[in-house]
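Enquirer: Here is a sequence together with a model predicted from it:
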Amino acid sequence: MSRLVRVAAVAVVVVAGAAGGWWLQQGGVAAGGPVTADGGGGATDGALKTASVERRTLTVTEDFDATLGYTNDYDVLGGLSGTLTRAVPAGTVVTSGQLLYETDGVNRAALMYGSRPAWRTLKSGVANGTDIRQLEENLLLLGYTRKGDVIDRHWDSDTTAALKRWQTAAGVAVDGEVELGEVVFLPESIRVTEVQAKLGSGVGPGGTLMTATSNRRVVSLDIDATDVELINVGDAVSVELPDGTTVDGTVATIGRVAESSQDQQGGTSTTLPVTISLDDPAAAGDLDHAPVTVTVVRDSRENVLTVPVNALIALIEGGYAVEVMDSAGASSASPSSSAGAAEASPAASVAPSGPTTHLVRVEPGLFDNGHVEITADGLEAGDLVVVPS
């Protein structure tokens, strides 16, 4: 048998610079030296272990540590003065029109959606403004206005009537006015994370009563700036939850402002924030600030010719080859596994004494789970190649 340098099964996959290619780093060799592309083959002197050339889909993935939580952070500022007599507890989801807190047993503040904070009392006769439009949009959302889709910045009689209908349903004073502090405008529904003010304590305008997030589940990770090219907005990823279950996700945003931090070894790393939305947020339950693992597909090849990694032979003139059983030897070997089987182990057999082999030069491609993509002339799925015993 020809003296060959065989690539060990512990081969390492590395990225080939900006070109994004892949190459093999030899992890060990069999006894003997390398051969030239035309120096192998001939009659063998014993039984050979073989494996089938197969068509497979190969995928290389990368895992990242991430955190499951909620998007956006909000401070709920007090606008009513007095003694805090009621506040929604941490974990409560508050939507438009619902109570946030109460002072002196009678004064109540509710959430409504809007990007501009309240800054004045709203009632008939006030000047036009964005706050009026925000109020009317919420009254329309809650079903209390009769203006239909004609929402504007002007306070009119329908605004007063719609507000009174909401006040009646909400159990607050029905006066057709919104005193400053009775409505807290925030961009979306919130999930209260902490109530900072204690019941019975005195509160006043401007102080933080509670903190909150949105009610939208997301996974957040800080990706090294050198790895950001691996992902794009819209890419599908998988997320492994703390209980081991896996849910699907999609890359929603990638930050543009890099952050630098020092690692435990004293080095500096530069990262970009990445937000991933879950295709089924309910699958994550109520977990918050939970560690998860995000798996990103680095590269994938569909229906390509593959051989076991340890079938590769290093050629003395450079490059790689595989040792292929000639048809006489192949005819008496055990049949190969079906082409294209994604995860089945390659069929192995012991050829009878005296089969002949020949070398076929190959171009290695992607490596995955002990298999390597090859490009070669004269090889087909089902051919047998020699692997180390």
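Expert: The structure has been received and is ready for your questions. Numbers count the residues shown, from 1 in each chain.
Enquirer: Please identify the helix or strand for the residue nearest to residue 386 when sequence neighbours are not counted.
Expert: Nearest residue to residue 386, sequence neighbours excluded (CB to CB, 6 or more residues apart in numbering): residue 323, at 4.1 Å. In short, each C-beta sits where N, CA and C put it, glycine included. Assigned by DSSP states H and E, residue 323 belongs to strand 320-325.
Enquirer: picking up where we left off before, is there a neighbour count for the residue nearest to residue 386? I'd like the number.
Expert: Residue 323 sits with 25 neighbouring residues when counted by other CB atoms under 10 Å.
Enquirer: was I right about it contacting residue 359?
Expert: Yes: counting by CB atoms under 8 Å, residue 359 is a contact partner of residue 323 at 5.8 Å.
Enquirer: List the beta-bridge partners for the residue lying closest to residue 224 once chain neighbours are set aside.
Expert: Leaving aside its sequence neighbours, residue 224 sits nearest to residue 271 (CB to CB, 6+ apart; 5.7 Å). Going by DSSP bridges, residue 271 is paired in beta bridges with residue 224, residue 259.
Enquirer: Let me see the contact set for residue 271.
Expert: 222, 223, 224, 225, 258, 259, 261 (CB atoms under 8 Å, 6 or more residues apart in numbering).
Enquirer: one more time with 10 Å, if that's ok
Expert: 221-228, 255, 258-261 (CB atoms under 10 Å, 6 or more residues apart in numbering).
Enquirer: picking up where we left off before, return the list of helices and strands in contact with the strand holding residue 323.
Expert: Packing partners of strand 320-325 (3 or more CB pairs under 10 Å, 6 or more residues apart in numbering; DSSP states H and E): strand 49-52, strand 290-308, strand 313-314, strand 356-368, strand 371-375, strand 384-387.
Enquirer: Just the buried subset of the contacts of residue 271, please.
Expert: Among the contacts of residue 271, the ones that count as buried by 16 or more other CB atoms under 10 Å are 221, 222, 223, 228.
Enquirer: so where's this structure shaky on pLDDT?
Expert: Applying pLDDT under 70 to the chain flags the ranges 1-46, 263-264, 328-354.
Enquirer: Report how many residues lie close to residue 279.
Expert: 11.
Enquirer: Tell me the secondary structure of residue 250, please.
Expert: Using DSSP: H, G, I helix; E, B strand; the rest coil, the structure places residue 250 in strand.
Enquirer: so what's the residue nearest to it when sequence neighbours are not counted up against?
Expert: Counting by CB to CB, 6+ apart, the nearest residue to residue 250 once its immediate chain neighbours are dropped is residue 277, at 5.4 Å. Contact partners of residue 277, counting by CB under 10 Å, 6+ apart, are 71, 216, 217, 218, 219, 249, 250, 251, 252, 253.
Enquirer: Residue 223 and residue 258, how far apart?
Expert: 10 Å (CB to CB, to the nearest Å).
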